[in-house]
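A.B. asks: can't give you the sequence, but here's the structure:
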C-alpha cells in the first residue's frame, strides 16, 4: 500500500478521499488554487501545496503543476477525484510516465469510454444494448435534421466529448434544431474544446439507472448493484438512491452482468459506473463514467463497502479478494446534493459568503461537505457544496429521515437546492416510486412549498424593527470622532503632567 | 408601524405596536401571539407562537429584501413600510413603458445575436449567457426595437444587470 498520496481535487470529494486515506494510515497531500487557500481540504491534509492561479484552468486543470506538486511532496500516487483531470487519458498516462501510480482506470479505458462515438462502437461490438441512433458525428444542422428524420423524433443531440449535462439538447421537431444545434455546439466547444455532436433517439418516460462496478488489475470484477438517479434537471442530478424501486433481483443481475461485460471490453481497472437508460423493463447503455461518482455514497451505505479504499487497494496492485457472492445490499440509502442555486428562479447559480451553517445529525446520517462559515461561493467553480446522505432499513423510512434532515439543515449567505429536494420528497408520486427523468422539470418549484407564510412575514417585520433600533442606538461617526479627539487631548495632557513628551521629537 | 410584506409573491400586512414595553403583533388583521428571540448575530431566531409552537427560523438580508428559512423551506421576503410603499409606487408609475432585459443570473456574455437598432420579435434570441458552464439564450420578452446594448461579448455580468434595452413595437 502507498505511504503518501496526492489528491488532485478540491471541495467535498477531496475531503472524502483524504478521510479514507487517513483512516488507512496513508499520508495525504492536498493541492489548491489561490481561491481555495482557506478551503477545508487544505486544512485537513498532512501537506498542502499551492498551485497558484485563481481559476480551475490555471490550477486544478494544469497537469504539469499537479505532477510537480506530487514530485515535491514525495507522493507515490495521484487520486483525481471527479471532474477536472479525472477523465483525462493524457494526464493519466503522464502520471504513470512520471513513475507514479494513477488511482483510476488505464488511460486506454478512459479514452475509449470518454468519447461517446467510439464507446458506442466498442459497446456495440461487445454486445451491449444501445439506444437507437447514429454512431457517427453530424457536421451541420441539415445533416442533423436528416439524421433525426431517420431515427424518429424526439431526438437528443449530445456532445461527443460530453458529460455532466453540458452540450446536450432535446429536439422534438425540426424547427427547434437550429437553436439546439448552435447552443449545444457552443457549449461543447467551451466545455470540452470539441464541438462534435451526435444524435440518438430520446426515450420517453426513461429512468436513469446506473451500475457501480469494481475491477482489480488481475481480471476479477464485481458489481455493487444500481443507483437510481432519475431526479435530475438538464442532466444534473439532484437526488440519488440505492436501490431503485423498479429493479428487482433478476434485473439487477442482468444489468450487473452487462455492466461487467462493458468494463471487461475495455480492460477496466478500479471503480467505475455504467449508466443505463431504463424504459419499460428495457435498458440501454448510455455511457461509462471512468471515475468515482458524486453519488457513490448511497452504494457505500447499502453495501458497506468503502469505494475509495477499494480504489486505493486496486491501484496498489492488491486483488479484490472477494467475489459477487460477498456483495450484500442492506436497507435503503438516499443522497441529496446541496448546490448553490436558486431553485425557485429556475436553478440559477447563487453566489455569496456562507454565514450561518447548521448541519443535521442523528442516526443514519452522513454529511460529505466542504462548507465552512466565511466560505466564498463564486462562479468559477462547481456549485455543489455538500451532499447529505441517509440510510435506513427501508425506502419509506429513508424518505422520512431525509425530510427530517433537510428540515434541520440550514445554510445562509447563498441560496441552496435543499428546498427543491424537500419539495420532491414531499410529492406522493416520488414516495410511491412513480417518476422518470422528467419528474423534476415538471415540478413547479416557483410556487411556495412552505406553509408558514404569516409567521415568516411577522418575523421579517420584527427583525427589521430590531435592526432599525440597533442603528438608532449605534454610535454615529460624528460622535465617535468627538470622543476620539477628547481622549487624545486627555492622554496628551496626562503625559505632559507626567513629564513625558506628548509626541516624539525634542526629548 | 405598518409593514407590507410580500412572502413568496403573496401580500401580507404586519402591524407592530409597542405598548408598555411589549411588542404587539398583528398579521393580516389578526393578532399573533408570538415570542421572538434572536439566538445569535447570524440571523438565528427562535419564534414561539400561540400555545407553544416552536420554530427555528433563519433570516438574512437587508431592510427591504430578506430570505427566511423555516424547517427547510425558503421564504422570499420583500418588505416596505407605508412611506417606502408610496415611493416605490411613484417610481413604478414613472418608469412604465420602459423595457430592459436583465440578467437573472450572474454569468458571462458569450455572444451577442442582435445589434442596436435591430427589430426583434417576441422570443427571438438576443444573446447567449454562460453561467456554470451552461449556455442559455436570453430571448426578447416582446416584439420591439433594440435601443441599447449594455453588455459586450466576454463581459461578466451580475444578477439583475441590464443587458438590453428594448422599445416596445407599438412605441417604435
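C.D. replies: Yep, that arrived. Note that the structure is a prediction, hence the values are computed from the model and not measured.

A.B. asks: number of nearby residues for residue A:196?
C.D. replies: 21 (other CB atoms under 10 Å in any protein chain shown). C-betas here are computed from N, CA, C, even on glycine.

A.B. asks: would you check how far apart it and chain B are?
C.D. replies: Per CB to the nearest CB, to the nearest Å, residue A:196 is found 17 Å from chain B.

A.B. asks: my guess is that residue contacts residue A:136. True?
C.D. replies: No - between residue A:196 and residue A:136 there is no contact under CB atoms under 8 Å: 9.6 Å.

A.B. asks: residues contacting the closest residue to chain B within the stretch 201-350 of chain A?
C.D. replies: Using CB to the nearest CB, the closest approach of the stretch 201-350 of chain A to chain B is made by residue A:348 at 3.6 Å. Taking CB atoms under 8 Å, 6 or more residues apart in numbering or on different chains, we find residue A:348 in contact with A:341-342, B:104-105, B:131, B:159.

A.B. asks: for residue A:31, same thing?
C.D. replies: Neighbours of residue A:31 in contact, by CB under 8 Å, 6+ apart: A:6-8, A:48-51, A:59-60, A:65-66, A:69.

A.B. asks: now with 7 Å, please.
C.D. replies: Residue A:31 makes contact with A:6, A:8, A:49, A:51, A:66, A:69, according to CB atoms under 7 Å, 6 or more residues apart in numbering or on different chains.

A.B. asks: what's the answer for residue B:2, then?
C.D. replies: Taking CB under 7 Å, 6+ apart as the test, what residue B:2 contacts is B:13, B:15, B:81-82.

A.B. asks: all strands of the stretch 301-450 of chain A, in order?
C.D. replies: Assigned by DSSP state E, counting those that start in this stretch, the strands in the stretch 301-450 of chain A fall at A:332-339, A:341-342, A:348-349, A:352-353, A:357-358, A:365-369, A:376-377, A:384-392, A:410-411.

A.B. asks: could those strands be laid out in a markdown table, adding mean pLDDT?
C.D. replies: Below are these laid out as a markdown table (pLDDT from 0 to 100):
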| stretch | mean pLDDT |
| --- | --- |
| strand A:332-339 | 98 |
| strand A:341-342 | 92 |
| strand A:348-349 | 90 |
| strand A:352-353 | 93 |
| strand A:357-358 | 93 |
| strand A:365-369 | 98 |
| strand A:376-377 | 94 |
| strand A:384-392 | 97 |
| strand A:410-411 | 94 |
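
A.B. asks: for stretch A:462-471, what is the average pLDDT?
C.D. replies: Across stretch A:462-471, pLDDT averages out at 91.

A.B. asks: hang on, residue A:72 packs against residue A:51?
C.D. replies: No - under the criterion of CB atoms under 7 Å, residue A:72 makes no contact with residue A:51, lying 11.4 Å away.

A.B. asks: which one's more surrounded, those two?
C.D. replies: residue A:51 (20 against 12).

A.B. asks: near chain A, anything from stretch B:149-156?
C.D. replies: No - under the criterion of CB under 7 Å from any CB of the partner chain, stretch B:149-156 makes no contact with chain A; the nearest approach is 8.0 Å.

A.B. asks: residues near residue A:257, how many?
C.D. replies: 13.

A.B. asks: what's next to the helix or strand that it is a member of, contact-wise?
C.D. replies: Residue A:257 belongs to helix A:249-265 when assigned by DSSP states H and E. Residues from elsewhere that reach helix A:249-265, judged by CB under 7 Å, 6+ apart: A:122-123, A:126-128, A:211, A:213, A:215, A:221, A:223, A:225-226, A:272, A:274, A:276, A:283, A:285, A:288.

A.B. asks: just the mean pLDDT for the helix or strand harbouring residue B:60, thanks.
C.D. replies: Using DSSP H and E, residue B:60 sits in strand B:53-61. Mean pLDDT, computed over strand B:53-61, is 94.

A.B. asks: ok, and for that strand, which residues are buried?
C.D. replies: B:55-61 (16 or more other CB atoms under 10 Å in any protein chain shown).

A.B. asks: show residues contacting stretch A:281-289.
C.D. replies: A:113, A:116, A:119, A:123, A:128-131, A:209, A:255, A:262, A:272-277.

A.B. asks: mind redoing it with 6 Å?
C.D. replies: Under the criterion CB atoms under 6 Å, 6 or more residues apart in numbering or on different chains, residues A:113, A:123, A:128-131, A:255, A:262, A:272-277 lie in contact with stretch A:281-289.

A.B. asks: could you work out the most separated pair of those residues?
C.D. replies: A:131 and A:272 (19.8 Å; CB to CB).

A.B. asks: which residues sit in contact with residue A:463?
C.D. replies: residue B:59.

A.B. asks: name the element it belongs to?
C.D. replies: helix A:453-473.

A.B. asks: so which bits of chain B are right by chain A?
C.D. replies: B:3, B:5, B:7-8, B:12, B:14, B:16, B:25, B:27, B:32, B:34, B:36, B:42-43, B:45, B:47, B:57-60, B:63, B:66, B:68-75, B:77, B:79, B:104-106, B:131-133, B:135 (CB under 6 Å from any CB of the partner chain).

A.B. asks: from the residues you listed, list the buried ones, please.
C.D. replies: Using 16+ other CB under 10 Å, the buried members of those are B:3, B:5, B:7-8, B:12, B:14, B:16, B:25, B:27, B:32, B:34, B:36, B:42-43, B:45, B:47, B:57-60, B:63, B:66, B:68-75, B:77, B:79, B:104-106, B:131-132, B:135.

A.B. asks: domain ranges for the chain?
C.D. replies: Chain wasn't specified; assuming chain A. A:4-103, A:132-201, A:207-442 (automatic domain parsing).

A.B. asks: other chain: chain B
C.D. replies: Split by automatic domain parsing, chain B gives B:2-93, B:99-168.

A.B. asks: where among these is the average confidence lowest?
C.D. replies: domain B:99-168 (a mean of 85).

A.B. asks: name whatever forms a beta bridge with residue B:70.
C.D. replies: residue B:57, residue B:73 (DSSP bridges).

A.B. asks: compute the inter-axis angle for the helix holding residue A:463 and strand B:53-61.
C.D. replies: If you take axes from the mean of the first three to the mean of the last three CA atoms, to 10 degrees, helix A:453-473 sits at 50 degrees to strand B:53-61.

A.B. asks: let me know how buried the closest residue to chain B within the stretch 51-200 of chain A is, in neighbour terms.
C.D. replies: Residue nearest to chain B within the stretch 51-200 of chain A: residue A:187 (4.7 Å; CB to the nearest CB). Residue A:187 has 25 neighbours, counted by other CB under 10 Å.

A.B. asks: and the strand or helix carrying it, which residues are buried?
C.D. replies: According to DSSP H and E, residue A:187 maps onto helix A:177-192. Buried residues in helix A:177-192, counted by 16+ other CB under 10 Å: A:177, A:180-192.
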